[in-house]
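S.K.: Build me a structure from this.
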Amino acid sequence: MVLFGLCTYSELNLSPSCLYSWSCNHDITKDLSCVPLMAEQIAGLTTYNGPQTPCPCIAGWTGPDGGCAQCVSGKYKNATGDATCTNCVAGQYSTAVGATTNVCKGCLFQFSDSPEASDEQTDCTCKAGSTGPDGGLCIQCVAGKYKIAPGDAACTNCIAGQYSTTIGATADVCEGCPTSTFGPEASDEQVDCTCEAGYTGPNGGPCAACEGGSYKALQGSSSCNACGMDTYSNISAATSETSCKSCPPGEKTDFAGATSLDDCNCIEGYSRDCASNVCTVLHVHDT
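M.R.: Next up is the predicted model:
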């Protein structure tokens, strides 16, 4: 114990107890002192050994009379008494210990927030829909991404085949690409969804299947390719030239993009056998 005049203090909590007939003098500092109730009682009190009265906690300290502890960082107390320390509100923080006034500071950057009673700047974390380091600059998730929880995690990409135009999305708002289209991961507009192989049309759709007699091997807005001469295909939405079948021996087509075996005709010097429906060499007999 440390003696301050006629007031004894605990070295740990600086909470004084005043001798009988003395009262606590509530100074603006944390060190309270005891003063006599009446000036004429000063004489002889230095040897008085009567009961003591615990002093109440001063501003910046909290607890029962005579048993005070400083307000921790993230809190403050601006009056004497046994009231609890007041928390910094959400969105603010304070590093001060034993604060006697509201010294809470707002989180520095837009799109950041902190819980109640935050005690350091790094408690200010990026809100859902934004990303960045704890206590630092937060940037909204760009279109094509989203983030559903606060913190320093990166924004999540819309998966391949989906897109989103929303900036700062706080939920998975990614939409599926139109029918027969596909887009890369993190697509941020519908035109990122392009026609799949076997389909043709503008970016973003609508896309139509390549008709029989044609094919398209690559994704995009390019036109379908016609099957070459002397080949045919009856397959819709074909994705490879291998879908184009060659006419039988001795037969040919008169145009590209044939869709049926019936489009194959006998070449010169051949004739179709009615029974077998096969083109055979035309035999010329001497007369």
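S.K.: Check which residues of stretch 172-187 are buried.
M.R.: Buried residues in stretch 172-187, counted by 16 or more other C-beta atoms under 10 Å: Cys174, Cys177, Pro178, Ser180, Thr181, Phe182, Gly183, Ala186, Ser187. To be clear about C-beta, it is placed using only N, CA and C from the backbone, and glycine gets the same treatment.
S.K.: pLDDT (mean, whole number) over that stretch?
M.R.: When pLDDT is averaged over stretch 172-187, the result is 98.
S.K.: And stretch 136-143, by the same measure?
M.R.: Rounded mean pLDDT across stretch 136-143 is 97.
S.K.: Just the CA coordinates for that stretch, please, in CSV.
M.R.: Extracted as CSV, the C-alpha positions of stretch 136-143 are listed here (Å, rounded to 0.1, in the frame of the first residue of the first chain):
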residue,chain,number,x,y,z
GLY,A,136,-6.6,-1.0,-44.8
LEU,A,137,-8.2,0.2,-48.0
CYS,A,138,-11.3,-1.8,-49.1
ILE,A,139,-12.3,-2.1,-52.7
GLN,A,140,-15.7,-3.3,-53.9
CYS,A,141,-15.9,-6.6,-55.7
VAL,A,142,-16.0,-6.0,-59.5
ALA,A,143,-18.8,-7.3,-61.7
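S.K.: quick one, what contacts the residue lying closest to Ser164 once chain neighbours are set aside?
M.R.: Nearest residue to Ser164, sequence neighbours excluded (C-beta to C-beta, 6 or more residues apart in numbering): Cys174, at 4.7 Å. Contact partners of Cys174, counting by C-beta atoms under 8 Å, 6 or more residues apart in numbering, are Gly144, Tyr146, Cys158, Ile159, Gln162, Tyr163, Ser164.
S.K.: tell me the domain ranges of this structure?
M.R.: 2-131, 136-192, 204-281 (automatic domain parsing).
S.K.: Dump those domains to a markdown table, plus distance to Gly198.
M.R.: Conversion of the domains of the chain to a markdown table gives the following (distance: least, C-beta to C-beta, whole Å):
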| stretch | distance to Gly198 |
| --- | --- |
| domain 2-131 | 38 |
| domain 136-192 | 8 |
| domain 204-281 | 4 |
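S.K.: Can you flag the weakest of those by average pLDDT?
M.R.: domain 2-131 (a mean of 73).
S.K.: Extract the C-alpha trace of stretch 272-283 and format it as PDB.
M.R.: Written as PDB, here are the backbone C-alpha positions of stretch 272-283 (Å, rounded to 0.1, in the frame of the first residue of the first chain):
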ATOM      1  CA  ARG A 272     -27.400 -46.000-111.100                       C
ATOM      2  CA  ASP A 273     -28.500 -49.600-111.000                       C
ATOM      3  CA  CYS A 274     -32.200 -49.600-110.300                       C
ATOM      4  CA  ALA A 275     -32.100 -52.900-108.300                       C
ATOM      5  CA  SER A 276     -29.200 -52.100-106.100                       C
ATOM      6  CA  ASN A 277     -29.400 -48.200-106.200                       C
ATOM      7  CA  VAL A 278     -25.600 -48.200-106.700                       C
ATOM      8  CA  CYS A 279     -23.800 -46.300-109.400                       C
ATOM      9  CA  THR A 280     -21.800 -48.600-111.600                       C
ATOM     10  CA  VAL A 281     -19.600 -48.100-114.700                       C
ATOM     11  CA  LEU A 282     -21.700 -47.600-117.800                       C
ATOM     12  CA  HIS A 283     -20.800 -50.300-120.300                       C
END
